[in-house]
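**Q** Pasted the sequence and its predicted model underneath.
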Amino acid sequence: MKNLVIVESPTKAKTIGKFLGKEYQVESSYGHIRDLPKSKLGVDEEKNFEPSYVIPTKSRKAVNALKKLAAKAENVILATDEDREGEAIAWHLSQALEVGNPKTERIVFHEITERAIHDALANPREINMNLVNAQQARRILDRLVGYKLSPFLWKKIFRGLSAGRVQSVALRLIVEREEEIKKFKPEEYWSVETVLAGKNKKEFTASLSKINGKATPKPGIKTGDEIKSITADLEKSKFAITSVEKKETKKNPLPPFITSTLQRGAASRLRFSAKQTMMFAQRLYEKGLITYMRTDSVNLSAESLKAAQEFIKDEFGKDYLLENPRVFKTKSRLAQEAHEAIRPTDPARTPKKAALKESGEKKLYDLIWRRFIASQMPEARFDATRAEITAKGDSTYTLSANGNILRFDGFLKVWSQKFEEKELPELKKDESLNLIEIKPDQHFTQPPPRYNEASLIKVLEAEGIGRPSTYAPTISVIQFRNYVQKNEDRRFEPTEVGVVVNKVLTEHFPDIVDAKFTAGMEENLDKIAEGKRKWQGVIKDFYEPFAEQLKKKYEDVSKEEFVKEEETDEVCDKCSKPMVIKTGRFGKFLACTGFPDCKNTKSLKKNVGITDNEGVRMKCPKCTEGEIIRRRTKKGRFFYGCTRWPDCDFASWQKPKTESEEAEENETGEAATDSVI
């Protein structure tokens, strides 16, 4: 008789099978093998929310095969993933296969390596029912919200809609950001830059920072008239250096990836969706190349730190070796420090040595490997120079000039980040300067940028909405439901349907879309996982007021409040009756008033032609006079061009970044990766 090891996927089974002897048989459950039924609620509200689990049709063949193997096996070893979902799968397997505790063992590991697997087999444990109950509670909560709220949306808006607990909060964030953008009114402001030269005739730039000892207003000088006055005064002013400060500055590497930062980094650097990132990461994990990819801890094992130091010493030399390994502290108080960050299982397995054939896997492994290796390399060091210049005219002006030169690349050798090198000429205190040019520059304040995948995940994490395993499905679901869509810049915009659904939820079910309420529910789920709360009590506290509110809203809310038909001059070409504009799952459309006798409908989408005149609210980067607008080629492809065309021939397939988008990108510290080592 053999020991039966059960995992979720065939790839994982194949990798683990390489490390075990003939006394083990490794099989796959092919994912979840039990769930709530699709055709009904599956939760008994009268019996303390008792769930009714079923084995889906697609899983029956696998379950029957595993049952036969389990009956013959000496021991059944459940080796599913180490998180709550994996624990729940292990429990469902134990229930479906009908194997008792004396015969069942549960093992967990953070990486699929020979050492980790044998360590896990040597230290089996029982199924952790606290983790199982936390996952059950999440599943039941989501089922109650979805199955109870979706019919309400069907009745009060139109059929085919659905609502989710976490997804509704994400939708609200996107809708509210869009409302901010629409309400935003740009304000003019100016900055002033001067070109100066000292005795050595070498030119450098300095920016105006103070007038008569007071800092210039944020974001800048308000009017063009004021700028004209300042420019005229500067032209007759005398310039001299009042101070020169030189010092070394350092830039530290980022921590190794956790789930959220991996999704954000892959979105920024690789243009992967969160769903793609997790799919590729799952494959890398199952192939034994990286540690478990659902984690919120930046902890690193002593063995991995030692291996990293050995690799760095051999590959880059002693200059790139830290005296002691760098240890990072996890910011989230809910993170489990027993878990590890996402890292390569073997640092010496460079992206080239990994020899991955699939492009997505190759790129993601390269990103994970670089981030981990960089985290154990020295900081980058810069020589920074700051000169303060005084210009005396009718007023006294203070200008500042900054220089920044890289002296030692450190971790930047493997992890590229955006920084600007700028060398100042040799400058001395009290040195007189000649004014070469004054460059006033007009700007306009920018609206907050729409969320992209990276920034949306960042705010979900910061607000405590969802957990590492939920970010990717949350973003996928709101797109699948056609509540939001990505524009050509890969940023989220709400659809007409998404706006209506959000309006219903925010006005009538504010708790469902409240970030603090949802974060509080996550904390309660964490308490269940820690054994501090019973799962039934958490669900009862939520469900009873929710059910009462839902009953009341069925009576109070009318469909006409949210969905109104719009009259048109259009006549149906089939029955000659008037056509009206209706809203459906995929937005507004024309429909015949003769329905149901006449079911004629038409799309409202029109070809916008060569240009659609959508302004980007920024000056042309080439001529600095025109505005950037979005245009279309004859073939319908978008590009960005200057309003002064043909006098200015600026054109770009990529949307030029506004100042707020540049600031957002710089904050993440993400830039294009280097070539693979």
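**A** Alright, I've got the coordinates.
**Q** contacts, neighbours, all on C-alpha from now
**A** Will do.
**Q** In this structure Phe152 contacts Glu555, no?
**A** No - contact criterion CA atoms under 8 Å: Phe152 and Glu555 do not qualify, at 10.7 Å.
**Q** With neighbour numbers in mind, choose between those two.
**A** Phe152 (20 against 8; other CA atoms under 10 Å).
**Q** pLDDT wise, what is that one at?
**A** We have a pLDDT of 92 for Phe152.
**Q** Go over the secondary structure and confirm it is in a helix.
**A** Yes - counting by DSSP: H, G, I helix; E, B strand; the rest coil, Phe152 falls inside a helix.
**Q** Is the spatially closest residue to it that is not a sequence neighbour part of a helix or strand, or is it coil?
**A** Leaving aside its sequence neighbours, Phe152 sits nearest to Tyr554 (CA to CA, 6 or more residues apart in numbering; 7.1 Å). Secondary structure assignment for Tyr554 (three-state DSSP): helix.
**Q** Relative to Asp44, how far out is Tyr554?
**A** From Tyr554 across to Asp44, the span is 22 Å (CA to CA, to the nearest Å).
**Q** and what of Glu453?
**A** Counting by CA to CA - Glu453 and Asp44 are separated by 37 Å.
**Q** Comparing these two, which shows the higher neighbour count?
**A** Set side by side, Glu453 and Asp44 show more neighbours around Glu453, with 24 against 11, by other CA under 10 Å.
**Q** quick one: the more buried one and Arg271 touch, right?
**A** No - applying CA under 8 Å, one finds Glu453 not in contact with Arg271, separated by 9.3 Å.
**Q** Give me the neighbour count for the residue lying closest to Lys486 once chain neighbours are set aside.
**A** Spatial nearest neighbour of Lys486, excluding adjacent residues (CA to CA, 6+ apart): Phe492 at 4.6 Å. Other residues lying near Phe492 total 25 when counted by other CA under 10 Å.
**Q** Backbone dihedrals for Phe492, please?
**A** phi -80, psi 130 (degrees, to the nearest 10).
**Q** Can I take it that Ala232 is in a helix?
**A** Yes - counting by three-state DSSP, Ala232 is found in a helix.
**Q** In terms of pLDDT, where does it sit?
**A** Reported pLDDT for Ala232: 96.
**Q** Trp190 versus that one, what's the distance?
**A** Taken as CA to CA, the span from Ala232 to Trp190 is 15 Å.
**Q** In terms of packing, which of those two has more residues around it?
**A** Neighbours were counted for Ala232 and for Trp190 using other CA under 10 Å; Trp190 has more, 18 against 14.
**Q** and that one, what does it touch?
**A** Contact analysis of Trp190 by CA atoms under 8 Å, 6 or more residues apart in numbering lists 220-224, 227, 440-443.
**Q** Show me which positions of the helix or strand harbouring it end up buried.
**A** Taking DSSP states H and E as the criterion, Trp190 maps to strand 188-197. Using 16 or more other CA atoms under 10 Å as the test for burial, strand 188-197 gives 189-194, 196-197.
**Q** just stretch 482-489 next, same as before
**A** The neighbour-count check on stretch 482-489 (16+ other CA under 10 Å) flags 482-485 as buried.
**Q** Stretch 88-106 too?
**A** Under 16+ other CA under 10 Å, the buried positions of stretch 88-106 are 88-94, 96-97, 99, 104-106.
**Q** Out of these, the closest to Thr396 would be?
**A** Ala88 (70.1 Å; CA to CA).
**Q** Contacts for the strand or helix carrying the closest one next, please.
**A** Taking DSSP H and E as the criterion, Ala88 maps to helix 84-97. For helix 84-97, contacts defined as CA under 8 Å, 6+ apart pick out 31-34, 63, 66-67, 70, 78-81, 100, 104, 106, 127-128, 131-136.
**Q** residue ranges with poor pLDDT in the stretch 201-350 of the chain?
**A** Within the stretch 201-350 of the chain, the ranges that satisfy pLDDT under 70 run 331-338.
**Q** can you give me the helices for it?
**A** With DSSP state H, counting those that start in this stretch as the definition, the stretch 201-350 of the chain shows helices at residue ranges 224-235, 259-270, 274-286, 302-316.
**Q** so of those, which one's packed in deepest?
**A** helix 259-270 (a mean of 23; mean count of other CA atoms under 10 Å).
**Q** Give me the angle between that one and helix 274-286.
**A** 110 degrees (axes from the mean of the first three to the mean of the last three CA atoms, to 10 degrees).
**Q** thinking Thr398 is in contact with Leu208, fair?
**A** Yes - because the distance of 6.1 Å satisfies CA under 8 Å, Thr398 is recorded as touching Leu208.
**Q** burial of Gly594, as a residue count?
**A** That count, for Gly594 with other CA under 10 Å as the rule, works out to 15.
**Q** shouldn't it be in contact with Lys577?
**A** Yes - counting by CA under 8 Å, Gly594 touches Lys577, with 6.4 Å between them.
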